[in-house]
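*Asks:* model this:
(chains A and B)
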Protein chains: 2
Amino acid sequence: MTPSEDCVVTDRGGIVENRHRVHVAVVDAKGRLLYTLGDPTRMTLARSAAKPAQALAILETNGFERYGFDDADLALMCASHSSEERHIARTRAMLSKIKAEEADLRCGGHSSLSETVNRAWIKQDYTPTAVCSNCSGKHVGMIAGARAIGAGAEDYHLPDHPMQVIVKRTVAELCDLDPQDVEWGIDGCNLPTPAFPLDRLARLYAKLASAADGGEWREGSSRRGPALARIFQAMTRHPDMVAGEGRYCTVLMGAFGGAIIGKLGADASYAIGVRASDDTRRLGADGALGISVKIEDGNVEILYAVVTEILEQLGIGSPERRKQLAEFHHPKRVNTMGVTTGGVSFPFKLRGYTPDGENSSPAALTR
Amino acid sequence: MTPSEDCVVTDRGGIVENRHRVHVAVVDAKGRLLYTLGDPTRMTLARSAAKPAQALAILETNGFERYGFDDADLALMCASHSSEERHIARTRAMLSKIKAEEADLRCGGHSSLSETVNRAWIKQDYTPTAVCSNCSGKHVGMIAGARAIGAGAEDYHLPDHPMQVIVKRTVAELCDLDPQDVEWGIDGCNLPTPAFPLDRLARLYAKLASAADGGEWREGSSRRGPALARIFQAMTRHPDMVAGEGRYCTVLMGAFGGAIIGKLGADASYAIGVRASDDTRRLGADGALGISVKIEDGNVEILYAVVTEILEQLGIGSPERRKQLAEFHHPKRVNTMGVTTGGVSFPFKLRGYTPDGENSSPAALTR
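*Replies:* Alright, predicted model coming up:
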């Protein structure tokens, strides 16, 4: 099997139904590529998986302290939340802290990422508004940041706004890229969203985990290490703020008890940061580990299955922890009469990466 | 570009977001392969695109006449309907014709394929039951067929039931395959569903269109030609029964006024039959034309865009007719603030097929 053939396969009665191409990069905190699938340098729109980097830009203004945000607020800034009542209430509370109103948000409402919430909304004839955006926390943070740097907050979402210029620089620095090597599109919530090689997303998350380990930071300001550590801890301490009831990010971080962070990006990107441990050492990492995944066709159900399979192949965490992700790992294929019609399989194995070409060290993998 | 790279691309601000691999076969009524993309012989689960073949098996029992089914009933047997009131009412009327009850159906309820219907159901706290299945017409037809051949209707859905044995033979014959070369899985509605090479699905639809043209039929019973023509005409005369308000199959057949049939299969297969015309002659077809499409990852929104692009590249029908499919051809990528974030593009061109290898006759294509 060649890298371009790394696929997840779904079947019906043993007949191939669909195939989904998979890209994976596993790096350590120094950015060394350890394991790959597909194209680990695929230019990838990180979407909401970039939120911790955007949150760092906000943290590095003094807006965070000035307005008295706490760690749960920070987790919501990194979130693609389910628009549950707790998420909307916190968004409103954050708006109060900065004395802003919903009309100041430059995002719009949309259907919830939770079917339970959607059903409740439909029953109430409720039309979701800006505070319901799954990105609402990030938007309040951007207003706070814009004000803190003395820029008008009216157009905080525009690519040339001073706050977004800071975000662009911050993202590039965290990815160890020149700013011109990061490309930008417009996200669903109307903020700029970056694209960069997939392994740089893994690197970003390895840095977050490394910071939580107290790792050193040569680059950027001296505040960057503690700020990254704070983001890591905010997400692991408030996993319910990062996604919502039953959602993958929330279940994953709940299951791993502070050892890892994980974040979804729309159109099926995902990133994980793993704190240094016996597992990361066994895998050859110098310190913490970062994992990034992109499903070529944007299928999120398949993404969750793949991320869980990668954790399994790498042997990260105990089987007991990983078992809490079982329903995402092997999503049920049951028809309207309760009959199992097929399944999802993973006919690939992470390849150890060596700079000069082919495979290495599969021995570090658990199967 | 090689066949394995035939993809639809979605972008965000010009940056590639997702890629979806595409397979297409265009054949004439004699089964000659004329144009291709990807792997035109990909073993493909036809799912509901096989319904006209299943309906033929029912027509060829005497159950159809015995129970007084009409052409709208036949269209519903070929449908993946939206569970609108008209579809459910017709299902109940068909059950009355055979003096059966909902409890005799071996399918289950599920969310509607129409969001409008789903919203109404949620507001009414309505739990969909068997008559709401998008395959309800096919199931009533199978009970009628089972009774007509003197078999018990209790287990009409099981692979070894005499009615399903007839379906298997009929499908293989229409595909010009030995029965053992057709594979079978279990569908969402709990009936067996066939898999065969993609070009055979195109052939099946070319035969339906050819029968509507009054084409001769050497194979099978002498009733087969008229029966296939009746299926073609039932679908084109009752496109609202085949899918529902605003759905692709309904809009497509409504737009083309009896010249073509089109049918969706779940997990993104599609088949079209085109009656003989100046268009089909220009394309090199001997008589009618069949088109089959499969999106490798099962994405239905992308499927509709591709099918429309294929009709465009082949130049089938007038631009005015095709324009009615514009919203499917170029689905809007608009964010929660109404800003266009990207689009869908088709960086492929149908290849003319010659048995000994490479390209031919792109001149017949309109662009």
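
*Asks:* residues of stretch A:342-356 that come out buried?
*Replies:* For stretch A:342-356, a neighbour-count test (16 or more other Cβ atoms under 10 Å in any protein chain shown) marks A:342, A:344, A:346, A:348, A:350, A:351, A:352, A:353 as buried. For the C-beta atoms, the positions are set from N, CA and C on the backbone; glycine is no exception.

*Asks:* how much space is there between the nearest residue to residue A:334 once chain neighbours are set aside and residue B:190?
*Replies:* Closest residue in space to residue A:334, ignoring its immediate chain neighbours: residue A:340 at 5.6 Å, by Cβ to Cβ, 6 or more residues apart in numbering or on different chains. Separation of residue A:340 from residue B:190 (Cβ to Cβ, to the nearest Å) stands at 11 Å.

*Asks:* Tell me how far residue A:277 lies from residue A:291.
*Replies:* Here the criterion is Cβ to Cβ. By it, residue A:277 lies 14 Å from residue A:291.

*Asks:* show me the contacts for residue A:254.
*Replies:* Each residue near residue A:254 by Cβ atoms under 8 Å, 6 or more residues apart in numbering or on different chains is listed here: A:239, A:240, A:324.

*Asks:* and those residues, which are buried?
*Replies:* Buried by 16+ other Cβ under 10 Å: A:239, A:240, out of the contacts of residue A:254.

*Asks:* Next, residue A:10: phi, psi?
*Replies:* The phi and psi torsions at residue A:10 (degrees, to the nearest 10) take the values phi -110, psi 140.

*Asks:* show me the contacts for it.
*Replies:* Residue A:10 sits next to A:16, A:17, A:18, A:19, A:20, A:302, A:333, A:342, A:343, A:344, A:345, B:298 when contact means Cβ under 8 Å, 6+ apart.

*Asks:* at 6 Å instead, please
*Replies:* Residue A:10 makes contacts with A:17, A:18, A:344, as judged by Cβ atoms under 6 Å, 6 or more residues apart in numbering or on different chains.

*Asks:* Residue B:297 is in contact with the second one, correct?
*Replies:* Yes - assessed by Cβ atoms under 6 Å, residue A:18 is found in contact with residue B:297 at 5.3 Å.

*Asks:* Of these two, which one has the most company?
*Replies:* Higher neighbour count among residue A:18 and residue B:297: residue B:297, with 26 against 23, using other Cβ atoms under 10 Å in any protein chain shown.

*Asks:* okay, that one: pLDDT?
*Replies:* What the model reports for residue B:297 is a pLDDT of 98.

*Asks:* residue contacts, it?
*Replies:* A:18, A:20, A:297, B:20.

*Asks:* Which ones among those residues lie within strands?
*Replies:* When DSSP state E is applied, the contacts of residue B:297 are split such that A:18, A:20, B:20 fall in strands.

*Asks:* I'd like these laid out as a markdown table, including distance to residue B:267.
*Replies:* Shown next, in a markdown table, are the ones in strands among the contacts of residue B:297 (distance: Cβ to Cβ, whole Å):
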| residue | distance to residue B:267 |
| --- | --- |
| A:18 | 6 |
| A:20 | 12 |
| B:20 | 13 |
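
*Asks:* With respect to residue B:268, which of those is nearest?
*Replies:* Proximity of those to residue B:268 (Cβ to Cβ) peaks at residue A:18, which lies at 7.8 Å.

*Asks:* Provide a list of residues in contact with the closest one.
*Replies:* With contacts defined as Cβ under 6 Å, 6+ apart, the neighbours of residue A:18 are A:10, B:267, B:297, B:298.

*Asks:* Make TSV out of those and add distance to residue A:137.
*Replies:* Listed next are these as TSV, based on distance: Cβ to Cβ, whole Å:
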residue	distance to residue A:137
A:10	34
B:267	36
B:297	31
B:298	33
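
*Asks:* Tell me the residues of the stretch 201-350 of chain A that contact chain B?
*Replies:* By the rule Cβ under 6 Å from any Cβ of the partner chain, the part of the stretch 201-350 of chain A lying against chain B is A:267, A:296, A:297, A:298, A:335, A:336, A:337, A:339, A:341.

*Asks:* Tell me where the stretch 101-250 of chain A has helices.
*Replies:* A:115-123, A:136-148, A:162-174, A:198-212, A:224-237, A:239-242, A:248-256 (DSSP state H, counting those that start in this stretch).

*Asks:* So stretch A:167-187, near chain B or not?
*Replies:* Yes - Stretch A:167-187 reaches chain B (Cβ under 6 Å from any Cβ) through A:183, A:185, A:186.

*Asks:* Hmm, I typed the wrong one, I wanted stretch A:91-102.
*Replies:* No - using Cβ under 6 Å from any Cβ, stretch A:91-102 stays clear of chain B, with a minimum separation of 13.6 Å.

*Asks:* How about residues contacting that stretch?
*Replies:* The set of residues external to stretch A:91-102 that reach it, using Cβ under 6 Å, 6+ apart, is A:67, A:68, A:73, A:130, A:131, A:136, A:140, A:143, A:144.

*Asks:* 10 Å instead, please
*Replies:* Outside of stretch A:91-102, the residues within contact range by Cβ atoms under 10 Å, 6 or more residues apart in numbering or on different chains are A:63, A:66-70, A:72-73, A:76-77, A:79, A:81, A:83, A:103-105, A:109, A:129-133, A:135-137, A:139-141, A:143-144, A:147-148, A:153.
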